[in-house]
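Undergrad: Here is the input, now give the coordinates:
(one chain, ligands or ions: 1)
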Amino acid sequence: MKSLWKDSEANGKGLLELLVYRSRLIGSEPKLCVWGGGNTSSKTAETDHLGKSIRVLRIKGSGSDLKSCQPKDFSPLKLEEVLPSIQKSAMTDEAMVDYLGCCLVDPKAPRPSIEALLHAFLSYQAIDHTHADAILSLTNTSRPRQICEEVYGDELIFVPYVKPGFDLAKTLAAQALRHPDAKGAVLEKHGLITWGEDSKTSYSRTIEMVSRAERYIQKKAEKKKAFGGRKVELLSPRLREIFIERFMPEFRKVLSKNKPVILHFNDSATVLEFVSSKDVSVVSQQGPATPDHMLRTKRIPCVLEIQGDFLRTKPALPAGRQSFKRQLEAYALAHERYYQKFAKPGMFMLDPYPVVILIPGVGMVSSGKDLDSALVVAEVYEHSISVMRAASFVDRYVSLPPREAFEIEYWPLELYKLSLAPAEKELARKIAVVTGACGGIGQAVARRLAAAGAQVVVTDTNPAKVRLLESQINTEFKAKKALGIPMDVTREESVQLAFGQILRRLGGLDIVVSNAGVATVAAVEHLSLAEWEKNLAVNATGHFIVSREALRLMKNQGKGGNFIFMVTKNVLAPGAEFGAYSASKAACAQLARIVAIEGAPFGIRSNMINPDGVFKDSGLWAKIKKDRAKTFGISEAGLEEHYRKRNLLQVRVEPEDIAENVLFLASHRSSKTTGAILPVDGGLREAFPR
Ligand code: ZN
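TA: Numbers count the residues shown, from 1 in each chain. A predicted model of the protein is given here:
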């Protein structure tokens, strides 16, 4: 591992700035810590509210990530007040949190890390604590002390496993006093601590110790087969995709029993080697590499057993679904038994279904409340695989016994954090696809659904525009809320490929906003066959192909569903020279009603929105504005005003108005409405639904 330290960047920085600098260096290396893991500190001299100079421990607060940390993320603790707690013989986690809360220089600062006492009780100026993969590969073995001594001699103190908290802090402090020359410590089945009298020393020691472990592992790995070699033949990339597309709806159905989840498929080389190996079903069931990983991935993954040939043959599909359902349910039952065995009064059982599913020959499926969470689970589990792999080279992989693992998984402090989480948004855990998403209405709908918490798939024909919209939405929401997939609704194959991607990358589908549309202005006698067919292809056939694929998926998924068709007031009140548009949209409206009828037994709703004259950012209007103005015998510039004045409320209809009504129809608030038309047109008497 390379040091990223640059004197030219570090020189001249104060103690707190240096702490931020080295924390970011550590955070930028995923082999040192992943997603909020690890913590760092410095002891500084600061001035309190009375103007008195005091010694302060600046320690990473909970809820921040090292790689993007800022000075404000480091909680300031009055050392003089923290240190006396070492005299106590015991301290519960809750008491420790309360105690530390009283020691904050700034009461508004974030809550200090659960490992704050560990940093406070050691006298060194700079301390870094990571859950480095390479270190875990030495400590998660059957003889961790001997291996660590072999690698580090007495440069690092070896601390047998103790749950993070007061006891661990006290144990380490006592050991550090006995070994004044040590450069840090290895915490069994937990991670690494290094220290020094300045930031550079502590950081350099982290890099040095991890590098030594990496070299040791590399030597041990020579000529050895990872995880005992391959047991299961890998499916080809396309067959892997087909497998996932066939079975993902079943996975989502089962895993969403308590709370709906978003699923993500991963078949990286690291994952494939592990899931297809001889040892996967034994090694993966040992337990987590470090407490930090387990809070993301659960104690163990579910390894699916694949029997029969339903991978390749369609008729065997139901048998495959049944078999996987049984296995996932068995996992949940086993978790329930594990919970019952160790639970204490006042606890509640977490969702018993797995968050990591390993599929031999195919890959891994991870789950979360949204795409970001599912991706974090996947990334953390890939690190767990790396640790297991390296530990197997060094010795054999060993983890925490179930009782210790339970103590972490059901840590009251973590449960408390969960109970404080803000209420989820209206469409949280839902997946929505919007067709024609790059137009004015499509964009507004995509943003509104994302703001309401949904994962939104934005589709349109132009790949560059789709990518741009995806990145704009994700930047606006500071999360992966949008997934851009180019799709042409008129082409069956394009729609099927897009739905395959949705299944692999998000796990399913709950809401379809069938919005893509075109229009032609021409009197029937002048309308070309080509224009007529183009209108039918997008405005009728396009909705059909999308609905058919979505209905199949939703039925397999067994969680109901929701269609919103973008129709037009012209279906009820057609206008001259708009024959191709009005007739094709009428077919769409009739399709929407049939979807309502056929979908109802499965909890699938279908409703329509009839907008009128929505001009903003409209690609459709850009093309027909001139001709439409001609139809009415007015100037192009006066067209928007013409549309405003012809409605009862005399209002201009904006894309955001349409989006708000789409949200209503997509939400539980309209749960007893199906087959309906909702006009969003400012009120047009001739277009009243009847
Ligand atoms: Zn830790």
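
Undergrad: so where does V377 fall, helix or strand?
TA: Applying DSSP states H and E as the criterion places V377 in helix 371-394.

Undergrad: need the contact list for V518.
TA: 534-535, 538-539, 581, 620, 623 (Cβ atoms under 8 Å, 6 or more residues apart in numbering). In this view, the C-beta of every residue, glycine as well, is placed from N, C-alpha and C.

Undergrad: Return the helix or strand in the protein with minimum mean pLDDT.
TA: Lowest mean confidence among the helices and strands of the chain (mean pLDDT, DSSP states H and E): helix 412-420, at a mean of 75.

Undergrad: Give me the contacts around that one.
TA: Contacts for helix 412-420 (Cβ under 8 Å, 6+ apart): 93-94, 97, 114, 295, 347-348, 408.

Undergrad: Any quick ChimeraX command for the buried ones out of the residues you listed?
TA: Here is the ChimeraX selection string for the buried members of these, based on 16 or more other Cβ atoms under 10 Å:
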select :93,97,114,295,408
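
Undergrad: Any chance of TSV for the contacts of helix 412-420, columns distance to L234?
TA: Formatted as TSV, the contacts of helix 412-420 follow (distance: Cβ to Cβ, whole Å):
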residue	distance to L234
D93	45
E94	49
V97	48
I114	41
L295	31
M347	41
F348	40
I408	34
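
Undergrad: Return the subset of the contacts of helix 412-420 lying in helices.
TA: Judged by DSSP state H, those include 93-94, 97, 295, 408 as members of helices.

Undergrad: pLDDT-wise, what's the bottom of these?
TA: Lowest pLDDT within these is found at L295 (86).

Undergrad: Low-confidence ranges, this structure, go.
TA: Applying pLDDT under 70 to the chain flags residues 308-315.

Undergrad: hmm, back to that, pull out the buried members of the contacts of V518.
TA: Buried among the contacts of V518 (16+ other Cβ under 10 Å): 534-535, 538-539, 581, 620.

Undergrad: residues of the longest helix that the chain contains that come out buried?
TA: Counting residues, the longest helix found in the chain (DSSP H) is helix 317-342. Buried residues in helix 317-342, counted by 16+ other Cβ under 10 Å: 320-321, 323-324, 327-328, 331-332, 335, 338-339.

Undergrad: I'd like those laid out as a markdown table, including distance to K465.
TA: Output for the buried residues of helix 317-342, formatted as a markdown table (distance: Cβ to Cβ, whole Å):
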| residue | distance to K465 |
| --- | --- |
| G320 | 38 |
| R321 | 37 |
| S323 | 42 |
| F324 | 38 |
| Q327 | 42 |
| L328 | 39 |
| Y331 | 42 |
| A332 | 43 |
| H335 | 45 |
| Y338 | 49 |
| Y339 | 49 |
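
Undergrad: Which one of those is nearest to V595?
TA: For the buried residues of helix 317-342, the minimum distance to V595 (Cβ to Cβ) is 24.1 Å, reached by R321.

Undergrad: residues touching K369, list them.
TA: Residues counted as contacts of K369 (Cβ under 8 Å, 6+ apart) are 259, 261-262, 424, 428-429.

Undergrad: Recalculate using a threshold of 6 Å.
TA: The contact partners of K369, taken as Cβ atoms under 6 Å, 6 or more residues apart in numbering, are R429.

Undergrad: That one and K43, how far apart?
TA: Separation of K369 from K43 (Cβ to Cβ, to the nearest Å) stands at 38 Å.

Undergrad: hang on, E476 in a helix?
TA: Yes. Applying DSSP: H, G, I helix; E, B strand; the rest coil, one finds E476 inside a helix.

Undergrad: in the sheet, who's paired with the nearest residue to G38 once chain neighbours are set aside?
TA: Among residues not flanking G38 along the chain, T130 sits closest, at 4.4 Å (Cβ to Cβ, 6 or more residues apart in numbering). Bridge pairing for T130 (DSSP bridges) gives the partners L192.

Undergrad: surely T130 meets K31?
TA: No. If you go by Cβ atoms under 6 Å, T130 and K31 don't touch, sitting 9.1 Å apart.

Undergrad: Look at the two and report which has more neighbours.
TA: Set side by side, T130 and K31 show more neighbours around T130, with 28 against 16, by other Cβ atoms under 10 Å.

Undergrad: tell me the domain boundaries of this structure?
TA: 7-220, 237-420, 431-614+654-680 (automatic domain parsing).

Undergrad: Looks to me like F406 is in a helix.
TA: Yes. Counting by three-state DSSP, F406 is located in a helix.

Undergrad: count of neighbours near it?
TA: F406 has 20 neighbouring residues, counting by other Cβ under 10 Å.

Undergrad: Pull the contacting residues for it.
TA: F342.

Undergrad: what separates it from A522, distance-wise?
TA: Relative to A522, and taking Cβ to Cβ, F406 is found at 71 Å.

Undergrad: quick one, phi/psi of E46?
TA: phi -130, psi 170 (degrees, to the nearest 10).

Undergrad: now the residue lying closest to it once chain neighbours are set aside, which residues is it bridged with?
TA: Excluding the flanking residues, the one nearest E46 by Cβ to Cβ, 6+ apart is V56, at 4.5 Å. Here V56 shows beta-bridge partners T44, K78, assigned using DSSP bridges.

Undergrad: V56 contacts D48, correct?
TA: No. V56 lies out of contact with D48 (Cβ under 6 Å); the separation is 8.6 Å.

Undergrad: Neighbour count: these two, which is higher?
TA: Comparing V56 with D48 by other Cβ under 10 Å, the one with more neighbours is V56, at 26 against 13.

Undergrad: List the contacts of the more buried one.
TA: Counted by Cβ under 6 Å, 6+ apart, V56 has contacts 44, 46, 76.

Undergrad: What are the contacting residues of stretch 169-185?
TA: 117-118, 121-122, 155-157, 159, 162, 193-195, 205.

Undergrad: Mind picking the two most distant members of those residues?
TA: Pairwise distances across the contacts of stretch 169-185 peak at 23.8 Å for L117 and E155 (criterion: Cβ to Cβ).

Undergrad: Neighbour count for those two, which is higher?
TA: Legend: neighbour count by other Cβ under 10 Å for L117 and E155, higher for L117 (30 against 17).
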